[in-house]
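# below is the sequence, then the predicted model.
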Amino acid sequence: MKKSFCWVLFGAAFFSSKSLLGNWQCWSHYEIVNSIDNNLDFKIKPQFRCGNNFNDHYYTHFDMGFDWGPTDWFVFAPYYRHVNEKRNGSWSVEYRPHLNATFKWKVLSYFNLSDRGRLEFRIKEDKTTLRYTNQFTLKMSKITKLELQPFIAEEFFYDFASAEFNKNRVYAGTDFKVIKNLKVGLYYILESSKRDNAWATKNVLQTSLKYNF
């Protein structure tokens with residue numbers, strides 16, 4: 001029952017995209033976790049993005065910060081993100097400290113729900129802006145010996161400078177354990193972005209590698 005429902009959710013999210021034959025991107029995400037104590041983790045999270053059907057490396061960011069979970073249902077996480085992005089052939093830098101608050105719930109014995117709010121301070125070379133993002137995730141309990149954990153998620157972005165919602169992401173994928181302390185993930189992301197009053201979509205294949213020591 002759990003397996004069938006999980007693949008139905010994954011298929012529905014994946015095939016909901018009308019632009020699967022369009023331009024694809026590949027995002028590679030890495031996460032290194034050092035558990036300081038039962039409630040506090042220090043994390044380093046670099047990510048690399050390639051566009052134009054995986055041929056053009058145009059973006060890199062480096063996250064560093066702490067996850068503090070005083071209870072089972074709440075996590076507070078202050079982070080700093082350093083962003084390098086290529087636009088029109090030249091690279092620019094963005095300094096992005098951000099604050100995160102995540103609430104968690106257990107639904108029956110099969111599903112975990114979480115709602116993560118994030119406030120970003122985007123410091124660019126020419127201006128400083130404020131953005132809020134919210135990600136709602138439905139994740140299954142771990143199954144099989146590989147601790148397979150499928151999930152779907154939806155994330156929206158609100159830009160305070162333009163006073164509008166200008167980006168949305170829908171996620172579907174799964175994480176699984178390779179060996180002790182090492183997890184791998186494979187996700188599909190449908191990203192919709194608004195620019196010049198028009199919406200455009202992109203397809204993203206994301207891989208992740210997480211090591212906890």
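Received the coordinates, thanks.

# bridging across strands, which residues link to residue 211?
Beta-bridge pairing for residue 211 (DSSP bridges): residue 32, residue 182.

# isn't it up against residue 181?
Yes: contact criterion CB atoms under 8 Å: residue 211 and residue 181 qualify, at 6.2 Å. Bear in mind the C-beta positions are built from the backbone N, C-alpha and C, glycine included.

# who has more neighbours, the two?
Ranked by neighbour count (other CB atoms under 10 Å), residue 211 and residue 181 place residue 211 first, with 14 against 11.

# report the backbone C-alpha coordinates of the longest strand along the chain in CSV.
If you go by DSSP state E, the chain has its longest strand at strand 90-107. Written as CSV, here are the backbone C-alpha positions of strand 90-107 (Å, rounded to 0.1, in the frame of the first residue of the first chain):
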residue,chain,number,x,y,z
SER,A,90,29.8,37.5,-16.8
TRP,A,91,29.9,36.3,-13.2
SER,A,92,28.3,38.2,-10.3
VAL,A,93,28.4,37.7,-6.5
GLU,A,94,25.6,37.7,-4.0
TYR,A,95,25.9,37.6,-0.2
ARG,A,96,22.8,36.0,1.3
PRO,A,97,22.4,35.4,5.0
HIS,A,98,19.1,33.7,5.7
LEU,A,99,17.0,32.6,8.7
ASN,A,100,14.9,29.4,8.6
ALA,A,101,12.2,28.0,10.8
THR,A,102,10.7,24.6,10.2
PHE,A,103,7.6,23.0,11.8
LYS,A,104,7.1,19.2,11.6
TRP,A,105,4.1,16.9,12.1
LYS,A,106,3.5,13.2,12.0
VAL,A,107,0.5,11.9,10.0
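
# does anything pack onto that strand? Which helices or strands?
Secondary-structure packing of strand 90-107 (3 or more CB pairs under 8 Å, 6 or more residues apart in numbering; DSSP states H and E): strand 74-87, strand 111-123.

# could you rerun that using 10 Å?
strand 56-71, strand 74-87, strand 111-123, strand 128-140 (3 or more CB pairs under 10 Å, 6 or more residues apart in numbering; DSSP states H and E).

# what does the average pLDDT come to for that strand?
When pLDDT is averaged along strand 90-107, the result is 96.

# kindly report the same for stretch 69-84.
97.

# low-confidence stretches in the protein?
Judged by pLDDT under 70, the chain has its weakly predicted residues at 1-22.

# hmm, back to that, buried residues in the longest strand of the chain?
Buried positions in strand 90-107, judged by neighbour count with 16 or more other CB atoms under 10 Å: 94, 96, 98, 100, 102, 104.

# okay if I get those residues as CSV plus distance to residue 125?
Listed next are the buried residues of strand 90-107 as CSV, based on distance: CB to CB, whole Å:
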residue, distance to residue 125
94, 8
96, 13
98, 19
100, 25
102, 31
104, 37
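
# farthest-separated two in those?
Across these, the longest distance by CB to CB is 29.5 Å; it joins 94 and 104.

# related to what we said a few turns ago, quickly list what's touching both of residue 211 and residue 181.
Residues touching both residue 211 and residue 181 by CB atoms under 10 Å, 6 or more residues apart in numbering: residue 33.
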